[in-house]
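Chemist: sequence isn't available, so here's the structure alone:
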């Protein structure tokens with residue numbers, strides 16, 4: 001039983017295109033993502049720290065590259081389709097607004113009237129509606145397997161969400177359009193991309209937190225899980241920074257190896273029908289490691305993501321998002337023509353809902369730098 005997604009059996013694209021003579025359909029999707037404007041903008045969007053803070057800290061782009069590298073390694077070892085796995089990994093954060101999760105939380109609050117804001121759904125919106133690179137269609141016209149992976153890389157969708165509002169002209173169910181049954185579990189490639197995301201940010205957020213002086217060497221020595229890896233190594237020549245860097249590499253290696261070992265056993269048991277296991281649970285850490293990862297995430301949330309330094313940035317980000325949203329909602333004709341002319345927005349029955357979507361999508365497309373510069377311009381105008 002071949003468990004890898006087969007590009008030759010792809011269910012195709014919404015808009016038919018001639019196949020590429022040198023690339024599979026998954027490889028072509030990967031390339032479209034890399035060449036998109038939204039992908040380039042990730043270089044100036046926050047991971048944890050504002051992208052304007054320090055050139056060493058991770059941005060959404062460097063984070064995405066690290067996720068993709070880890071995902072490729074795991075997919076290759078498990079015999080999955082590397083190209084599809086990489087495609088999902090490279091696309092997974094295209095919908096992130098400026099200022100990371102703080103920007104997402106604020107937009108979600110401001111857009112509750114139309115269902116809120118979610119960066120995963122926004123990613124789907126980017127690749128099907130907002131990118132405008134081709135004459136014949138909106139979005140990137142990715143194949144159904146890529147879209148399916150983007151929709152479900154963080155887990156299964158509910159029965160109620162089988163119909164996904166993907167395309168500007170109508171609510172199209174992937175199942176209805178191509179006679180596909182939307183399985184409630186993600187593909188194995190999407191599962192790998194999701195857990196590669198966890199591995200990458202756990203390690204590099206520790207490194208950036210240490211670099212910023214928020215997570216001290218002594219704090220990290222007493223941290224759950226990571227502390228176990230760190231204390232095994234003496235500081236190299238008295239250099240705590242080298243010890244932390246070595247610890248982060250050990251963390252990635254530990255998690256990747258654990259994931260591959262446990263997933264390989266799951267896959268074999270699933271293929272041989274020797275265990276009662278769902279498809280969604282095939283790619284996973286061992287139970288012991290999974291618990292350690294949860295504890296590490298709790299530690300990072302309390303000691304890094306909600307530290308006084310990051311909370312100060314969060315308050316700044318909220319102020320900027322609020323000001324931008326108010327300004328463009330009252331002057332939505334100031335939004336670039338590339339957004340205003342998109343036929344997707346004509347489907348909304350009320351002007352208010354049209355404006356809420358337009359403003360939300362425009363702000364979500366901004367980088368940290370663009371948002372901060374626009375905020376300064378608005379403040380100067382108001383004086």
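Modeler: Ah, there it is. On a predicted model such as this, the values are computed, not experimentally measured, just so you know.
Chemist: how far away is residue 323 from residue 376?
Modeler: 10 Å (CB to CB, to the nearest Å). C-beta here means a position set from N, CA and C on the backbone, and glycine is covered the same way.
Chemist: show me what stretch 289-302 is in contact with.
Modeler: Stretch 289-302 has contacts (CB atoms under 8 Å, 6 or more residues apart in numbering) with 198, 202, 205-206, 209, 223-226, 254-255, 258-259, 262, 284-285.
Chemist: on that earlier part again, between residue 323 and residue 376, who's got more neighbours?
Modeler: Remark: of residue 323 and residue 376, residue 323 carries more neighbours, 16 against 11, as counted by other CB atoms under 10 Å.
Chemist: what does the domain assignment say about the protein?
Modeler: Domain assignment for the chain, taken from automatic domain parsing, gives 20-307, 310-382.
Chemist: which of those domains has the highest mean neighbour count?
Modeler: domain 20-307 (a mean of 19; mean count of other CB atoms under 10 Å).
Chemist: do you know the pLDDT at the residue most central in space within the chain?
Modeler: Central residue of the chain (CA atoms, centre = their mean): residue 93, 2.8 Å from the mean position. pLDDT, residue 93: 95.
Chemist: what do you get for residue 379?
Modeler: pLDDT recorded at residue 379 is 88.
Chemist: helices or strands up against the helix or strand harbouring it?
Modeler: Element membership for residue 379 (DSSP states H and E) is helix 368-382. For helix 368-382, the elements it packs on are helix 308-330, judged by 3 or more CB pairs under 8 Å, 6 or more residues apart in numbering; DSSP states H and E.
Chemist: report the distance from the helix it packs on to the chain centre.
Modeler: Offset of helix 308-330 from its chain centre (CA atoms, centre = their mean, to the nearest Å): 21 Å.
Chemist: got any ranges where the stretch 251-383 of the chain has weak pLDDT?
Modeler: 274-280, 383 (pLDDT under 70).
Chemist: can you do 50?
Modeler: Within the stretch 251-383 of the chain, no range satisfies pLDDT under 50.
Chemist: hang on, isn't the residue nearest to the centre of the chain packed against residue 123?
Modeler: Yes. Between residue 93 and residue 123 there is a contact under CB atoms under 8 Å: 7.0 Å.
Chemist: got the domains of the chain as TSV, with distance to residue 12 columns?
Modeler: Output for those, formatted as TSV (distance: least, CB to CB, whole Å):
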stretch	distance to residue 12
domain 20-307	6
domain 310-382	22
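Chemist: closest to residue 7 out of those domains?
Modeler: Closest of the domains of the chain to residue 7 is domain 20-307, at 3.8 Å (criterion: CB to CB).
Chemist: measure that closest one end to end?
Modeler: Using CA to CA, to the nearest Å, the span of domain 20-307 from its first residue to its last is 49 Å.
Chemist: if I look at the spatially closest residue to residue 254 that is not a sequence neighbour, how far off is residue 307?
Modeler: Distances taken as CB to CB, 6 or more residues apart in numbering place residue 229 nearest to residue 254, at 6.7 Å, with adjacent residues excluded. Using CB to CB, we find residue 229 at a distance of 22 Å from residue 307.
Chemist: ok, now residue 213?
Modeler: 10 Å.
Chemist: residue 285 now?
Modeler: Residue 285 sits 26 Å away from residue 307, going by CB to CB.
Chemist: now swap in residue 370 and tell me
Modeler: According to CB to CB, residue 370 and residue 307 sit 26 Å apart.
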